[in-house]
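A.B. asks: everything below, folded, please.
(chains A and B)
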Amino acid sequence: MSEFQDAFVQAARLLGRADPELLEIIALSLRVSLTALVLACAVGLPMGAALGVFRFPGRRAAVTLLNALMGLPPVVLGLALYLVLSRSGPLGFLGLLFTPTAMILAQWLLVIPIVAALTRQVVEDLHEEWEEEFRSLGAGRLRSLFELLYEARFQLATATLAGFGRAIAEVGAVLIVGGNIAHVTRVMTTAIAMETNKGELSLALALGIVLVALSFLINAGLVAVQELGRVARG
Amino acid sequence: MSASRGRSGEAGRHRCGPALVVVALAGLLGSAAAGPAVAAEAAPYIVLASTTSTRDSGLLDWLIPAFRARTGIDVRVVAVGTGRAIRLAERGDADVLLVHHRPSEEAFVRAGHGVERFEVMWNDFVVAGPREDPAGVRGLSDVAVALARIARGGHLFVSRGDESGTHKKEMELWRAAGIDPHRDWGAGPGAYRETGTGMGATLNVASELGAYVLVDRGTWISFRNRGALDLLVVGDPLLRNPYGVILVHPARHPHVKAELGQRFIDWLLSDAGQARIAAFRLEGEVLFHPVRDVDPPAAPGASSRRIGSP
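C.D. replies: Numbers count the residues shown, from 1 in each chain, chains lettered A, B, ... in the order given. Presented below is the predicted three-dimensional model:
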């Protein structure tokens, strides 16, 4: 169990001396995961809301597919994306393999189903509740869609956080399409996997502690903003 | 929800949700903080497909800065098993290949994927196992005899099972010992276990199970979680492990940075590169032997252990 003690000591030491390599890795992790998250929200929120509001043939199948994709193993997506981005693949000419952009792409694809599926659930419930009202106001479905997205924004923050959790914790896909290259594509999770394979268990655990702390801060920040919003709304 | 219902009309200008604002701000901060890394991307670089043994031992962290200081070329290392590294190179996803399984390397060049194979250096494999050594192989000079004893006695053995250079070497050694590890195991199947993962992960398993394992010396020395494992068999010429470097063929993959890649290969084979390899020490031990005799510089080599350096 001494690994746990060592891990906490090492985590404190790494943060205490602001280890430049650690900071670089943290910054890249945040850049990749947050960019992926924002882009995934840009797609997933409207997509989920549309599925929640519009009625069309095949909708049920689309919802089921979306829910199933929430469980897509990152390593499978990583492998598929690798084959696409590889120089011998259809998009190889872009030269994106082993770059942060490829990692953003991977996480974007992984987060979209989560954000969209959770948004669909929230918006659909709200829509059923308010459908009559919208109809009496003569609001079209597109209009209702945006109204509902706005009204549900606090619940959607949870969907956003779930998406962020998926992105920041994911290792299988970014390892394959990023390559865990030092100073270029090494993020927290790939560094943890690498240190584990080097038998540096305490250090791996220390990096894990830092990652959890980081995730906690971001979640806490979001909750604080939510609370402020609630207060402001009275 | 319903309390704000009346306001939804006028407020429905869809201002960004506060959640998204926070996220976007944090994203910008992250990008700003990552600025230096972005700038570094502009420097000329090659992608080197190599093995975990060269990265995790610290060798590449020792060689690459010296090469960069001389040429201004950065080397981006993707460290995977030899089998996967070769497949990466075949698909054109690397410029240079630095791996350790000669027959596969020669096949790679023969198939037109690589220009030419140059032998750069060698290190050696060792057999590690539980300290109490139930198979009694400690100190044997013949690795084939040692492996046969482990197998016939039905002792636990953990194999990479991942088509890496180490795994391929292990298969050669079983052949030399006249053993089919999947059939000829004393205690029946189950004692020979394949992890299908990297060297470190496999060592973690061996250390946990108290099993015998074939490992390259570099990974062994740098490995931190040996538990009750000891070094048992070393020094058999069969255990020698040559590393080859190959430029991925630009005729097959036109985007390959042939000129930059060739400069890296030339440097590795030059007096300076060979001396740099000879000067590398891990915890005071010589790990990699250059193929040419060079005068090792007087300065003691110290491996700089990167993230995370303890």
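A.B. asks: so who does the residue nearest to the spatial centre of chain B touch?
C.D. replies: Centroid-nearest residue in chain B, with Cα atoms, centre = their mean: B:T52, separated by 1.2 Å. For B:T52, the contact set (Cβ atoms under 8 Å, 6 or more residues apart in numbering or on different chains) comprises A:N197, B:A79, B:V80, B:G81, B:G198, B:M199, B:G200, B:T219. The C-beta positions use only the backbone N, C-alpha and C, and glycine is treated the same way.
A.B. asks: of the residues you listed, closest to A:A169?
C.D. replies: A:A169 lies nearest to A:N197 out of the contacts of B:T52, by Cβ to Cβ, at 18.2 Å.
A.B. asks: quick one: contacts for that closest one?
C.D. replies: A:N197 makes contact with B:T52, B:D56, B:T197, B:G198, B:M199, B:G200, B:A201, B:N204, according to Cβ under 8 Å, 6+ apart.
A.B. asks: circling back: which two in the contacts of B:T52 are spaced the farthest apart?
C.D. replies: Farthest pair in the contacts of B:T52, by Cβ to Cβ: B:V80 and B:T219, 13.9 Å.
A.B. asks: between those two, which one's more packed in?
C.D. replies: Comparing B:V80 with B:T219 by other Cβ atoms under 10 Å in any protein chain shown, the one with more neighbours is B:T219, at 27 against 23.
A.B. asks: near chain B, anything from the longest helix along chain A?
C.D. replies: The helix that spans the most residues within chain A, counting by DSSP state H, is helix A:100-137. Yes: using Cβ under 8 Å from any Cβ of the partner chain, we find that helix A:100-137 touches chain B at A:L126, A:W130.
A.B. asks: mind putting the contacts of B:T52 in CSV, distance to B:L48 and secondary structure included?
C.D. replies: Below are these laid out as CSV (distance: Cβ to Cβ, whole Å; DSSP: H, G, I helix; E, B strand; the rest coil):
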residue, distance to B:L48, secondary structure
A:N197, 19, helix
B:A79, 9, strand
B:V80, 11, coil
B:G81, 15, coil
B:G198, 17, coil
B:M199, 18, helix
B:G200, 19, helix
B:T219, 18, helix
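A.B. asks: just those now: which is nearest A:F56?
C.D. replies: B:V80 (44.8 Å).
A.B. asks: for that closest one, give its distance to A:L205.
C.D. replies: Distance of B:V80 to A:L205, given as Cβ to Cβ, to the nearest Å: 24 Å.
A.B. asks: that older thread, pull the number of nearby residues for the nearest residue to the residue nearest to the centre of chain B once chain neighbours are set aside.
C.D. replies: Nearest non-adjacent residue to B:T52, counting by Cβ to Cβ, 6 or more residues apart in numbering or on different chains: B:A79, 4.9 Å away. Counted with other Cβ under 10 Å, the neighbours of B:A79 add up to 24.
A.B. asks: B:S50 is in contact with B:A79, correct?
C.D. replies: Yes: counting by Cβ atoms under 8 Å, B:A79 touches B:S50, with 5.5 Å between them.
A.B. asks: quickly list what's touching both of the two.
C.D. replies: Taking Cβ under 8 Å, 6+ apart as the criterion, B:A79 and B:S50 both touch B:L60.
A.B. asks: quick check: pLDDT value at the residue nearest to the centre of chain B.
C.D. replies: We have a pLDDT of 87 for B:T52.
A.B. asks: report pLDDT for the residue lying farthest from the centre of chain A.
C.D. replies: Distance from the C-alpha centroid of chain A, by Cα atoms, centre = their mean, peaks at A:S136 (37.8 Å). What the model reports as pLDDT for A:S136 is 83.
A.B. asks: so where do the strands sit in chain A?
C.D. replies: Here chain A has no strands by DSSP state E.
A.B. asks: the helices in it, which residues?
C.D. replies: All helices of chain A, identified by DSSP H, fall at A:2-16, A:20-53, A:59-69, A:74-85, A:100-137, A:141-151, A:153-169, A:172-178, A:188-197, A:201-233.
A.B. asks: buried ones in the fourth one, by neighbour count?
C.D. replies: By neighbour count, and taking 16 or more other Cβ atoms under 10 Å in any protein chain shown as the criterion, the buried residues in helix A:74-85 are A:P74, A:L77, A:G78, A:A80, A:L81, A:Y82, A:V84, A:L85.
A.B. asks: with distance to A:H127 and pLDDT added, can I get those residues in JSON lines?
C.D. replies: Supplementary listing: these in JSON lines, determined by distance: Cβ to Cβ, whole Å; pLDDT from 0 to 100:
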{"residue": "A:P74", "distance to A:H127": "32", "pLDDT": "96"}
{"residue": "A:L77", "distance to A:H127": "30", "pLDDT": "97"}
{"residue": "A:G78", "distance to A:H127": "35", "pLDDT": "97"}
{"residue": "A:A80", "distance to A:H127": "34", "pLDDT": "97"}
{"residue": "A:L81", "distance to A:H127": "34", "pLDDT": "97"}
{"residue": "A:Y82", "distance to A:H127": "39", "pLDDT": "97"}
{"residue": "A:V84", "distance to A:H127": "36", "pLDDT": "97"}
{"residue": "A:L85", "distance to A:H127": "38", "pLDDT": "97"}
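A.B. asks: ok, the helix or strand encompassing B:R117 near chain A or not?
C.D. replies: Secondary structure from DSSP states H and E places B:R117 in strand B:114-130. No: Strand B:114-130 stays clear of chain A (Cβ under 8 Å from any Cβ), getting no nearer than 12.3 Å.
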